[in-house]
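In: below is the structure, and that's it, no one-letter string:
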């Protein structure tokens, strides 16, 4: 698969709720200018490039959120669209296809160069350029066509959509505006994909975000300093960001993350808390050392899918059968799965849209309830039966009914989930090998189609399903079970394609919900990806962190990094 992107399923329209349960006794009033302190966070992966248009994985996404800015921003707690680099927008067409955006005056990049509409036009030119081949582009097409973006004058942009689009301008939340004066030469030379690699001096990484990169030590840390030219101010008129410095430590293993937080050397775990760690953290919370915040029920459930690319696993054609997937769904006791993996702090689910996404969740999806007898009947219908009486199944040629599940090494929730699946599937005679790899190696195997099945997650950064067509459409690079189809291989995929194209282009919200409900039901009928549970999302941080409003979207706290600050108590991460 070409142009894979790992963490950008996009959605809009629901509301994520949070509540703080910590004992927070320090003053809540924001500090004065240049007194926000130094916050130390941990992150599981590190960037492969600074160029998000080339490799938009989770680390690149975080880098962009800290150093760059978008025209509009989706508030990840309220779900509302907020003015950002654009202060206002109006539509001049009845179908809301043509929009005029007025840009914030007086804004400059972190190197002091003025920001203008020419930077916006250049950004979209690079985004859609075939030589750049940006993996972001596929999710920013409407009716398979790019947006037309034109600079009218320095502070005016006219954006024309190729077709009506239900989510409207929310798609602009995904596009960081790039500095034309820094990147245009590389674009014209055809070397844009090589621009802003990891060897680029930090001073050349120019942006409109709250921070600038100060230093990066591979495998250890990224240190960000305040962008002295940042354009935002808080409600009192004080300059943002509040923090003096933000350090992001690269800590691939969650046990190590937890130890650093408990030991007071870091302030924030960017990953959600594991269920098995909650009891110890609650005891620490009672001492006032940490605070725990509930963000809500996850909208990013882990799922199991098989490689359905024609020709894959020719020696085991049953791996691509719908009966196998339905049998697995019946074989797994979702309640036991939730109780074991998440210690009960999760809800059984049957599709990719969880109850955490209140606006788009469909409660009446087809459900494959736990039924071992039904699972065995379905397996028998594709020739998988116990031929030698050992309790395990064999195919028609007498070979074991065995397959491997690929997942991420060191991610305890994923690894424990696959262990539970292996145990439960063994009860119906299916043998499972677990293959745990570091994330880069795992993703390479996925991109190259070198796997039987995979258990992993995708990370939404908004709520409306029309913003994640690259998951639903068979032609997209992120159609997990068989990406980049020239035309739908299966009739039900063609049905989903049609429903989702219509859903994304209707301006009638009731009709959009009806069409999406049909798409969800079609997916549930054929189960190309199987879901089991959606956990509650708990975020842990030092009690000295202020200004946090955690979201179920990623990154749960650093999405709003410019308003964070820390109290004077403690000195996390001082070197």
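Out: Happy to help now that I have it. What you are looking at is a predicted structure, and each value in this text was computed from that prediction instead of being measured.
In: could you find the closest non-adjacent residue to residue 554?
Out: Among residues not flanking residue 554 along the chain, residue 459 sits closest, at 4.6 Å (C-beta to C-beta, 6 or more residues apart in numbering). From N, CA and C alone the C-beta is placed, and that goes for glycine too.
In: quick check: the one you found touching residue 301?
Out: No: taking C-beta atoms under 8 Å as the contact criterion, residue 459 and residue 301 are not neighbours in contact, 10.8 Å apart.
In: what's the residue lying closest to residue 186 once chain neighbours are set aside sitting at in phi/psi?
Out: Leaving aside its chain neighbours, residue 186 sits nearest to residue 195 (4.1 Å; criterion: C-beta to C-beta, 6+ apart). The main-chain torsion angles of residue 195 are listed as degrees, to the nearest 10 and equal phi -70, psi 150.
In: check the gap between residue 526 and residue 306 for me.
Out: Summarising the geometry, the distance separating residue 526 from residue 306, computed by C-beta to C-beta, to the nearest Å, is 12 Å.
In: anything in contact with each of the two?
Out: Between them, residue 526 and residue 306 share the neighbouring residues residue 325, with contact defined by C-beta atoms under 8 Å, 6 or more residues apart in numbering.
In: who has more neighbours, those two?
Out: residue 306 (26 against 16; other C-beta atoms under 10 Å).
In: so what's the more buried one scoring on pLDDT?
Out: According to the predicted model, the pLDDT of residue 306 comes to 98.
In: same thing with residue 135?
Out: The pLDDT attached to residue 135 in the predicted structure is 87.
In: remind me, longest helix of the protein?
Out: When every helix of the chain is counted residue by residue (DSSP state H), the longest turns out to be helix 509-526.
In: buried residues, that one. List them.
Out: Within helix 509-526, the residues scored as buried using 16 or more other C-beta atoms under 10 Å are 512-513, 515-520, 522-524, 526.
In: what about residue 459 and residue 301, which has more around it?
Out: With neighbours defined as other C-beta under 10 Å, residue 459 and residue 301 compare such that residue 301 has more, 22 against 18.
In: the more buried one and residue 458: what is the separation?
Out: Distance, residue 301 to residue 458, by C-beta to C-beta: 9 Å.
In: next one: the helix or strand harbouring residue 441 to chain centre, how far?
Out: Using DSSP states H and E, residue 441 sits in helix 439-447. Distance of helix 439-447 from the chain centroid (C-alpha atoms, centre = their mean, to the nearest Å) equals 17 Å.
In: ok, so of the buried residues of helix 509-526, who is nearest residue 312?
Out: In terms of C-beta to C-beta, no member of the buried residues of helix 509-526 lies closer to residue 312 than residue 526, at 17.5 Å.
In: that closest one touches residue 492, doesn't it?
Out: Yes: assessed by C-beta under 8 Å, residue 526 is found in contact with residue 492 at 4.9 Å.
In: quick one: the helices in the chain?
Out: Read by DSSP H, the chain holds these helices, from start to end of the chain: 58-67, 117-128, 180-189, 254-262, 278-286, 322-331, 334-341, 372-381, 412-426, 439-447, 469-472, 491-505, 509-526.
In: same list, the ones you listed, but as JSON lines with mean pLDDT and distance to residue 205 please.
Out: As requested, the helices of the chain are arranged in JSON lines below (pLDDT from 0 to 100; distance: least, C-beta to C-beta, whole Å):
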{"stretch": "helix 58-67", "mean pLDDT": "95", "distance to residue 205": "7"}
{"stretch": "helix 117-128", "mean pLDDT": "98", "distance to residue 205": "15"}
{"stretch": "helix 180-189", "mean pLDDT": "98", "distance to residue 205": "8"}
{"stretch": "helix 254-262", "mean pLDDT": "93", "distance to residue 205": "26"}
{"stretch": "helix 278-286", "mean pLDDT": "95", "distance to residue 205": "35"}
{"stretch": "helix 322-331", "mean pLDDT": "98", "distance to residue 205": "45"}
{"stretch": "helix 334-341", "mean pLDDT": "97", "distance to residue 205": "39"}
{"stretch": "helix 372-381", "mean pLDDT": "98", "distance to residue 205": "53"}
{"stretch": "helix 412-426", "mean pLDDT": "96", "distance to residue 205": "32"}
{"stretch": "helix 439-447", "mean pLDDT": "89", "distance to residue 205": "22"}
{"stretch": "helix 469-472", "mean pLDDT": "86", "distance to residue 205": "27"}
{"stretch": "helix 491-505", "mean pLDDT": "95", "distance to residue 205": "34"}
{"stretch": "helix 509-526", "mean pLDDT": "95", "distance to residue 205": "39"}
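In: please tell me how far the residue nearest to residue 84 when sequence neighbours are not counted sits from residue 85.
Out: In space, residue 84 comes closest to residue 73 once its chain neighbours are excluded; the distance is 4.4 Å by C-beta to C-beta, 6+ apart. Between residue 73 and residue 85 the distance is 9 Å, computed by C-beta to C-beta.
In: which one is residue 368 nearest to, not counting chain neighbours?
Out: Nearest-residue entry for residue 368: residue 329, 3.8 Å, with adjacent residues in sequence omitted and distances by C-beta to C-beta, 6+ apart.
In: my bad, residue 88
Out: If the residues on either side of it in the chain are set aside, residue 88 comes closest to residue 102, at 4.9 Å by C-beta to C-beta, 6+ apart.
In: so what's the one you found up against?
Out: If you count contacts by C-beta under 8 Å, 6+ apart, residue 102 has them with 86-89, 155-156.
In: and the residue nearest the centre of this structure?
Out: The centroid of the chain falls nearest to residue 459 when counting by C-alpha atoms, centre = their mean (2.2 Å).
In: how much space is there between it and residue 44?
Out: Look at residue 459 and residue 44: by C-beta to C-beta, they are 12 Å apart.
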